[in-house]
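In: Make a model of this:
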Amino acid sequence: MAGGLNLKAAIVAGLAGGAVYVVTAEIDNRITDVNLDDLKLLGWPMVEDKSHAKVAGLIPHFLFSIGLAQVYGILRGRLPRQGWIAGPALAIVENTVLYPVSALENHHDGIRTGQIDRYQTLNAYLQSIPRHITYGLTMGVIYDRITRKV
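Out: Here you go, the predicted structure:
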C-alpha cells in the first residue's frame, strides 16, 4: 500500500488506541489486583507530589501512542493487509522488543518503594499483552479507515 505516513491518521488513531490501552490497563489491574500502572510509571519522575503521577503520565503515554501509530503508518505497506491484524501485530512486536528496558526498573523510585509493581516478570509481560492487543486493534482499524485502506 503506497502513500506513506498520514500524520492526521496517526494522531487520531494513536490517541484512540492510547485511550483504549488505558482502559484495558485499568481493567486488568483491577481483575488481577496487580499494580502495573504505566501512567504512574511514566509520570512519577515528572511530579514532586506522587499522587499526581498518574495524570502526568498521560502526556508521555499519549505521545508514545502517537509515535507508535506513526511507525505503523510508515510501515503500513509492509504489514498484513487488514489493520485489525497489522495493528496488534506491530504493538506486540514493539512490546516484546522494548521489554528488556524493564531490566532498569530498580532505578525507578516508584518500583523500588513498592508503589508500582515490578515489570521484569513473566506475569507482568503476559499482563501487558491484552493492553497492546487492544491498542493495536483500535489504532490499526482507525488508521486504516482514515486512510481508506481496508
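
In: For Tyr125, see how far away Gly83 is.
Out: From Gly83 across to Tyr125, the span is 25 Å (Cβ to Cβ, to the nearest Å). To be clear about C-beta, it is placed using only N, CA and C from the backbone, and glycine gets the same treatment.

In: Counting neighbours, go ahead and name the busier of the two.
Out: Counted by other Cβ atoms under 10 Å, Gly83 and Tyr125 do not tie: Gly83 has more neighbours, with 25 against 15.

In: Quick check: pLDDT value at the more buried one.
Out: pLDDT recorded at Gly83 is 83.

In: List the buried residues in the host helix or strand of Pro130.
Out: Pro130 is part of helix 122-146, with elements assigned from DSSP states H and E. Under the neighbour-count criterion of 16 or more other Cβ atoms under 10 Å, helix 122-146 has 124, 127-128, 131-144, 146 buried.

In: and if you look at stretch 53-67?
Out: Ala53, Lys54, Ala56, Gly57, Pro60, His61, Phe62, Phe64, Ser65, Ile66.

In: I'd like the average pLDDT over it.
Out: 97.

In: now what about that stretch, what contacts it?
Out: The list of residues contacting stretch 53-67 from outside it, by Cβ atoms under 8 Å, 6 or more residues apart in numbering, reads 10-11, 14-15, 17-18, 21-22, 37-44, 46-47, 110, 135, 139.

In: one more time with 10 Å
Out: With contact meaning Cβ atoms under 10 Å, 6 or more residues apart in numbering, stretch 53-67 is reached by 7, 10-22, 25, 37-47, 49-50, 91, 94, 98, 110, 115-116, 135, 138-139.

In: How far away from the center of its chain is that stretch?
Out: 9 Å (Cα atoms, centre = their mean, to the nearest Å).

In: Kindly report the same for stretch 112-132.
Out: Centroid separation between stretch 112-132 and its chain, computed with Cα atoms, centre = their mean, is 13 Å.
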